[in-house]
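**Q** Okay, here's the prediction I keep looking at, along with the sequence it came from:
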Amino acid sequence: MIAADVYDGHHTNAKEITKGAILTTRDYHEVLSRKDVDAVVIATPDHWHHRMTLDAFDAGKHVYVEKPMTWSIEQGREMVAATAKSGKLLMVGSGAKTSPLTTKAREIVKSGVLGKINMVRMLNHRNNAEGAWVYAIPPDASPKTVDWTRFLGNAPKRAYDPKYSSAGAAGGSTRAVSPPTCSCTSFLSCTRSWTWWGPSRWCRKAASTAGMTAATCPTS
């Protein structure tokens with residue numbers, strides 16, 4: 001199990017959650033270079049999705065990348081072409097849309113237990129600050145604890161600003177929905193020895209394609 005993140009505080013948090021079982025790095029290329037990694041979860045700022053996905057395919061990995069797939073139609077076409085060329089699986093999605101809760105709701109509707117459905121009204125209650133995507137900035141966030149240059153990547157260069165960094169992303173293109181051991185700038189691997197957080201059907205398909213065992217994938 002290994003994760004890449006540009007904020008050191010997230011490294012500490014990941015190790016606490018996994019009781020030290022996870023390896024951490026600031027450079028996602030270290031994740032891709034590992035032979036025991038079959039698939040990766042890309043939960044990063046939007047402007048990194050395209051580059052990381054292409055690099056992952058070049059390294060022979062399956063990819064789950066969060067929405068949006070990328071920033072432009074041209075980059076999207078590149079990613080589609082790279083997927084076909086690589087022979088690997090690519091899933092673009094939102095964790096909430098592929099969660100066990102959403103799957104269960106679908107099962108209930110299909111079962112007919114609700115009767116004939118004439119209208120659906122959907123609400124998403126976010127009864128806390130994080131639910132509104134307003135995240136507190138860690139007090140230790142600084143150019144020393146955040147690899148600002150790596151965070152920016154090919155984005156326009158600007159001075160360090162904690163409001164837009166991995167440690168305190170507040171919204172828009174610099175925020176990303178994250179798996180439990182990751183952050184808004186994380187690049188997470190799926191190894192043969194780790195139960196991946198991702199959508200179970202996709203993971204089982206990836207496992208079959210990559211020769212992984214079913215035990216590496218969630219059962220829900």
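**A** Now that the structure is in, tell me what you want to look at. Just so you know, these numbers come straight off a predicted model, no measurement behind them. Numbering: from 1, shown residues only.
**Q** May I have the phi/psi pair for V65?
**A** Recorded main-chain torsions at V65 are phi -120, psi 140, according to degrees, to the nearest 10.
**Q** P100 versus V92, what's the distance?
**A** Here V92 is placed at a distance of 19 Å from P100 (C-beta to C-beta, to the nearest Å). (Glycine included, C-beta is placed from N, CA and C.)
**Q** Looking at those two, which is more packed in?
**A** The neighbour comparison of V92 against P100 (other C-beta atoms under 10 Å) goes to V92, with 17 against 12.
**Q** Have a look at the protein and report its longest helix.
**A** Of all the segments of type helix in the chain, defined by DSSP state H, the longest one is helix 73-86.
**Q** now that helix, how far from the centre of its chain.
**A** A distance of 19 Å separates the centroid of the chain from that of helix 73-86, by C-alpha atoms, centre = their mean, to the nearest Å.
**Q** Give the other helices and strands that the next helix or strand after that helix contacts.
**A** For helix 73-86, the succeeding helix or strand toward the C-terminus, using DSSP states H and E, is strand 90-93. The elements that strand 90-93 packs onto, with contact taken as 3 or more C-beta pairs under 8 Å, 6 or more residues apart in numbering; DSSP states H and E, are strand 62-66.
**Q** and the strand it packs on, average pLDDT?
**A** Strand 62-66 comes out with an average pLDDT of 92.
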